[in-house]
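Q: 3D, please:
(one chain, ligands or ions: 1)
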Amino acid sequence: MFKKTNNPGTVLIVGETIDGRLSAGSRDLAKQARSIAEQIGGEPVGVLIGHKIEQAAQSWSKAAGISVIVLDHAQGRYPNPPMTASGVEALADECSPLAVCFPHSMRACQAAATLAWRIKAPCITAVDAIFKENGHFALNRAILGGKLCETVSTGNTPMILTIMPGIFSRSASPDGPDRSLSVETRLVTDADQRFIPQAVNSQSHTDQALERAQVVVAAGRGLGGPEHRDLLDAAAAMFKSAAVGGSRGACDQGWLPHTRQIGETGRTVSPALYLACGISGAPQHLAGMRESRTIVAVNTDPKAAICNAAHYAVIEDLTVFLPTLRERYDKMTIKGETV
Ligand SMILES: Cc1cc2nc3c(=O)[nH]c(=O)nc-3n(C[C@H](O)[C@H](O)[C@H](O)COP(=O)(O)OP(=O)(O)OC[C@H]3O[C@@H](n4cnc5c(N)ncnc54)[C@H](O)[C@@H]3O)c2cc1C
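A: Okay, the predicted model is just below:
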């Protein structure tokens, strides 16, 4: 699997499965794999952890355009960060990679940190840019809720990285028609008995309205209180296929249920229109909506990070903008015009 001659260095791309299926973060990482490896200057090789996951591995390999090594063990049926770390450590011993890249999720951060500690390598999380500077690698990541961008440089390899979703995405296709992709399964023989994931159950809500909606009207702490929740419903009602969601800030306040939280630890949406009202645009929020086709931010602060991520920014108090928008819509529909 690892090329011995003229090998520029390997970049391990690590994905996970949950009960045989690829996690959302792993599907996203597949789209980014080849671009990430190109930035680092190495050859990407996928590593997928799970149990009885040949089918998932084939489709991951095809989506990423890379060959994949499956690490299989019954204790890998559900996400198992310690097992991931020790399995990838063995592969790192074998191929001395330039970098090991995980998706930026809580579970993957746990595996990345454990691996970094075990092999004494630098661990840099939430990476959103990679470049080379004077023979060193420099990596960017957003800090302080997206208000500042930090650059970290390292001369050490392997670097252990967690990659923000949707940053290096491009349509992943093999380099040429002859590119052959292989999937090799290796059985993990010794799994850590101190951490045995037993089950993963879906939340009692199975509401898919957010994911299916063509328009998502989302609110953050700028909503100011539950008394303004009606403004969101009124805006959503202007569209045939719309749903209301929110930032963790708004959900933690109890203004919206946690099942409606969008972001890294919430749900991922990619509607035709994302209307972000009173949301600052922290990286963890952007992680769940960055792929929306058109993003409109409504915010009183023109320097809010969401304004950089948005295609259009309305610098206005949402309690002024949303009623005005609805009023204008009502007038147009009374006149028979369409919006
Ligand atoms: C491990 C981890 C995971 C996380 N996961 C998530 C996640 O999944 N999803 C998520 O959203 N966050 C997540 N967060 C939290 C995230 O870092 C931010 O704290 C959160 O997104 C901030 O929410 P907010 O934008 O609503 O609030 P704030 O950051 O307080 O922003 C409020 C915004 O509203 C604007 N505003 C104020 N009043 C008005 C008004 N009247 N009209 C218009 N604009 C107004 C302000 O200018 C400001 O930009 C996570 C954090 C951590 C550490």
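Q: Next up, phi/psi of the closest residue to the ligand within the stretch 51-200 of the chain, please.
A: Going by Cβ to the nearest ligand atom, the ligand is nearest to Gly145 of the stretch 51-200 of the chain, at 5.3 Å. No exception for glycine: its C-beta is placed from N, CA and C like everyone else's. Taking degrees, to the nearest 10, you get phi 60, psi 30 for the backbone angles of Gly145.
Q: show me the contacts for it.
A: Gly145 is in contact with Ser280, Gly281, Ala282, Pro283, Ala305, counting by Cβ atoms under 8 Å, 6 or more residues apart in numbering.
Q: any idea which helix or strand carries Ser61?
A: Element membership for Ser61, per DSSP states H and E: helix 54-64.
Q: Quick one: list the elements packing against the next helix-or-strand element following that helix.
A: The helix or strand immediately downstream of helix 54-64 is strand 68-72, counting by DSSP H and E. Applying 3 or more Cβ pairs under 8 Å, 6 or more residues apart in numbering; DSSP states H and E, one finds that strand 68-72 contacts strand 43-50, helix 54-64, helix 81-95, strand 183-187.
Q: Would you verify that Ser35 is located in a helix?
A: Yes - per DSSP: H, G, I helix; E, B strand; the rest coil, Ser35 lies within a helix segment.
Q: right, and it touches Gly166 too?
A: No - applying Cβ atoms under 8 Å, one finds Ser35 not in contact with Gly166, separated by 11.4 Å.
Q: buried sites along stretch 239-249?
A: By neighbour count with 16 or more other Cβ atoms under 10 Å, stretch 239-249 contains the buried residues Phe239, Ala242, Ala243, Val244, Gly245, Gly246, Ser247, Arg248, Gly249.
Q: tell me the average confidence for it?
A: For stretch 239-249, the mean per-residue pLDDT is 96.
Q: Wondering if it reaches the ligand at all.
A: Yes - Stretch 239-249 comes into contact with the ligand (Cβ under 6 Å from any ligand atom), by way of Ser247, Arg248, Gly249.
Q: any idea how far the residue lying closest to the second one once chain neighbours are set aside lies from Gly166?
A: Here the nearest residue to Arg248 in space, its sequence neighbours aside, is Gln261; by Cβ to Cβ, 6 or more residues apart in numbering that works out to 5.4 Å. When Cβ to Cβ, to the nearest Å is applied, the distance between Gln261 and Gly166 equals 18 Å.
Q: out of these two, which sits in the busier spot?
A: Gln261 (23 against 18; other Cβ atoms under 10 Å).
Q: where exactly do the helices run in the stretch 151-300 of the chain?
A: For the stretch 151-300 of the chain, the helices defined by DSSP state H, counting those that start in this stretch occupy 209-212, 229-236, 248-252, 283-286.
Q: How about the longest one and the ligand, touching?
A: No - remark: helix 229-236 sits outside contact range of the ligand, by Cβ under 6 Å from any ligand atom, the gap being at least 10.3 Å.
Q: How about stretch 291-304?
A: Yes - Stretch 291-304 is in contact with the ligand by Cβ under 6 Å from any ligand atom, via Val298, Asn299, Thr300, Asp301, Ala304.
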